[in-house]
Structures are given as structure tokens and as C-alpha cells.
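**Student:** I would like the atomic coordinates for the input below:
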Amino acid sequence: MKAPWNFARFLPLAGRLLSRGRLPTLLFAVASKGASQGNRLGKLKDDLRLLQALCLAYWRGEYRAISGKSILMVVAGLMYFLSPLDAIPDFIPVFGMLDDIAVLAWVMKTLDDELNAFRAWRERQLPEKLAVIERLPDTPEQLQLQGPKKT
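**Tutor:** Here you go, the predicted structure:
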């Protein structure tokens with residue numbers, strides 16, 4: 001399946017974000033936008049939570065059973081979701097979120113096997129451990145201080 005228009009420009013940005021250790025900042029921004037959009041997101045809200053949980057588990061070094069290309073696509077999809085100036089700017093009422101939803105739906109479909117493997121991994125974790133892994137601290141700086149596990 002072909003990538004959505006304009007998505008490819010986010011891949012190098014995602015690579016730089018990951019290499020510079022800026023994933024926590026992205027996750028906070030995604031959580032903030034997801035909360036502010038409320039019911040406008042529908043099922044996408046659950047997808048966003050899953051992608052955020054995957055990124056947190058990846059950041060903390062708890063889950064690395066995902067290819068580098070796939071984690072890059074997830075991060076690029078989240079960056080696209082955050083970008084106010086994408087194919088349809090977010091400030092356009094009603095239609096502004098359509099391209100964001102389409103891109104994230106494409107990411108979810110394209111990475112279905114890897115996301116199912118992550119869901120299965122999550123189901124095998126103790127709830128207490130999962131709560132720690134997927135907890136977003138109060139500030140991005142706190143997540144930075146916790147840092148990723150060295151693997």
C-alpha cells in the first residue's frame with residue numbers, strides 16, 4: 001500500500017527526532033493534542049494511545065521487537081498528526097483532522113502485524129509493570145531524566 005501524500009517528508013524528521021532523544025517531547029505533544037481534540041477523534045483516540053504506549057515501551061527499552069523502519073513510521077505518523085500544516089491544515093474546521101486520521105489509519109493498517117505483536121506483548125505483562133512502562137510523567141523533562149534502558 002502506498003504511503004499517503006506528504007507523509008514521506010516526515011520520515012527524515014522522525015529519524016532526527018529519534019536520534020536526538022526527543023521522543024518524550026513528541027509523546028507529550030501527542031497526549032496534549034489527543035486530549036484537546038476530545039470526541040472528534042473517535043476510534044483514533046485508542047489508536048493514538050496504542051502508538052503512544054508502543055513509543056513509551058520502546059523509549060524505556062522494554063519493547064524492542066519492532067523494526068527500525070516501523071518505529072520510524074510510527075514516529076513520523078505521530079509527527080504528521082501534530083503538524084498544523086499538513087495536507088489539510090488543522091485550523092480548517094471539520095476537514096482539518098481528516099488527513100491526520102487518514103495517515104494514522106494508514107500507519108495502523110501498514111503495521112498491523114507489528115502492532116498485533118505489541119498488543120500480545122502487552123497482554124503478557126503484569127498490570128503493575130505495564131502501568132509503570134506506559135505512564136507518562138508530569139513533564140517531558142522527567143521522562144528524559146528516567147532515560148531509556150541501555151540494551
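
**Student:** which parts of stretch 119-133 are buried?
**Tutor:** Residues of stretch 119-133 classed as buried by neighbour count (16 or more other CB atoms under 10 Å): 121, 122, 125, 130, 133. Every residue, glycine included, has its C-beta placed from N, CA and C.

**Student:** residue ranges of the helices in the protein, please?
**Tutor:** Assigned by DSSP state H, the helices in the chain fall at 10-19, 23-37, 44-59, 68-82, 98-110, 112-124, 127-134, 140-146.

**Student:** would CSV of the ones you listed with mean pLDDT be doable?
**Tutor:** Rendered in CSV, the data for the helices of the chain read as follows (pLDDT from 0 to 100):
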stretch, mean pLDDT
helix 10-19, 95
helix 23-37, 86
helix 44-59, 93
helix 68-82, 95
helix 98-110, 88
helix 112-124, 97
helix 127-134, 92
helix 140-146, 63
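
**Student:** and residue 3, which of these is closest to it?
**Tutor:** The closest of the helices of the chain to residue 3 is helix 98-110. By CB to CB, the value is 7.1 Å.

**Student:** how about residue 8, phi and psi?
**Tutor:** Dihedral angles of residue 8 (phi, psi; degrees, to the nearest 10) stand at phi -60, psi -30.

**Student:** can you pull the pLDDT of it?
**Tutor:** Residue 8 is assigned 89 on the pLDDT scale.

**Student:** Surely residue 56 and residue 132 touch.
**Tutor:** No: Residue 56 lies out of contact with residue 132 (CB atoms under 8 Å); the separation is 10.0 Å.

**Student:** Cross-check the contact I'm expecting between residue 107 and residue 79.
**Tutor:** No: using CB under 8 Å, residue 107 is not in contact with residue 79; the gap is 11.0 Å.

**Student:** which of these two has more neighbours?
**Tutor:** Taking other CB atoms under 10 Å, residue 107 and residue 79 do not tie; residue 107 has more neighbours (25 against 21).
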